[in-house]
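[1] next one to model:
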Amino acid sequence: MPVELNFRRQPEKPPSQRPALLAVAALLGVSLLAVALGRGQERVPEERPARPIQTLAFHAEDQPDGAIDLRNAERGTLVARIEPGQDGFIRGTLRGLAQARQREGLSREPPFTLTRFDNGTLSLEDGATGRQVQLLAFGPSNAKAFARLLPGTELR
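    Coordinates of the predicted model:
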């Protein structure tokens, strides 16, 4: 009597995916909860706007020897003299603003205005173009170059 061999395998059960789906759902739930809780904490403290406490309106005049005279716009008195090869940040900033005026065909007459604010910051505004430069953005040592034009200026 011949023996029949049955080589057919029993179908295997696929592994359960339920634990993986539960883990993904739990992770999603925790993430949503963290976002919901975090949104309630997003309170940005209100900052009051800085107020100007000192200003200097001045004209920059190129001199034949390469110096730049900074003159008070109201009185015409000399505020500072930038000697050739000195105060590169002041020289470069004023040159950039003057070139912008020239490109736009604007007058040299409106003064530049240096302003110190009650929070210790400084800005330089071009009265012709309206462009404003936040001087501390270039670092405290560069801002101090302009700060010395205003008596009693302390940078923070």
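
[2] where in the protein is pLDDT low?
    For the chain, the stretches with pLDDT under 70 are 1-15, 40-47, 152-156.

[3] show me the contacts for residue 77.
    residue 71 (C-beta atoms under 8 Å, 6 or more residues apart in numbering). All C-beta atoms are positioned from the backbone trio N, CA, C, and that covers glycine.

[4] quick check: longest strand of the protein.
    strand 52-62 (DSSP state E).

[5] so which elements touch that one?
    Under the contact criterion of 3 or more C-beta pairs under 8 Å, 6 or more residues apart in numbering; DSSP states H and E, the helices and strands touching strand 52-62 comprise strand 68-72, strand 112-117.

[6] what do you get if the cut-off is 10 Å, keeping everything else the same?
    Applying 3 or more C-beta pairs under 10 Å, 6 or more residues apart in numbering; DSSP states H and E, we find strand 52-62 packed against strand 68-72, strand 78-82, helix 88-103, strand 112-117, strand 122-126.

[7] can I assume residue 110 sits in a strand?
    No: according to DSSP: H, G, I helix; E, B strand; the rest coil, residue 110 belongs to no strand; its state is coil.

[8] sorry, back to before: tell me which of the helices and strands packed on strand 52-62 lies nearest to residue 138.
    helix 88-103 (6.8 Å; C-beta to C-beta).

[9] buried sites along the closest one?
    89, 90, 91, 93, 94, 97, 98, 101 (16 or more other C-beta atoms under 10 Å).

[10] need the helices and strands packed on strand 52-62 in JSON lines (columns: distance to residue 137).
    Shown next, in JSON lines, are the helices and strands packed on strand 52-62 (distance: least, C-beta to C-beta, whole Å):
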{"stretch": "strand 68-72", "distance to residue 137": "21"}
{"stretch": "strand 78-82", "distance to residue 137": "21"}
{"stretch": "helix 88-103", "distance to residue 137": "11"}
{"stretch": "strand 112-117", "distance to residue 137": "14"}
{"stretch": "strand 122-126", "distance to residue 137": "10"}
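
[11] related to what we said a few turns ago, okay, the longest strand of the chain in PDB with CA atoms only?
    Output of strand 52-62 as PDB, limited to C-alpha atoms (Å, rounded to 0.1, in the frame of the first residue of the first chain):
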ATOM      1  CA  PRO A  52      13.700 108.500  21.500                       C
ATOM      2  CA  ILE A  53      15.500 110.400  24.200                       C
ATOM      3  CA  GLN A  54      18.300 112.100  22.300                       C
ATOM      4  CA  THR A  55      18.800 113.100  18.600                       C
ATOM      5  CA  LEU A  56      21.400 114.700  16.500                       C
ATOM      6  CA  ALA A  57      20.600 115.900  13.000                       C
ATOM      7  CA  PHE A  58      23.800 116.500  11.000                       C
ATOM      8  CA  HIS A  59      25.300 116.900   7.600                       C
ATOM      9  CA  ALA A  60      28.300 115.000   6.400                       C
ATOM     10  CA  GLU A  61      30.700 117.100   4.300                       C
ATOM     11  CA  ASP A  62      33.600 115.700   2.400                       C
END
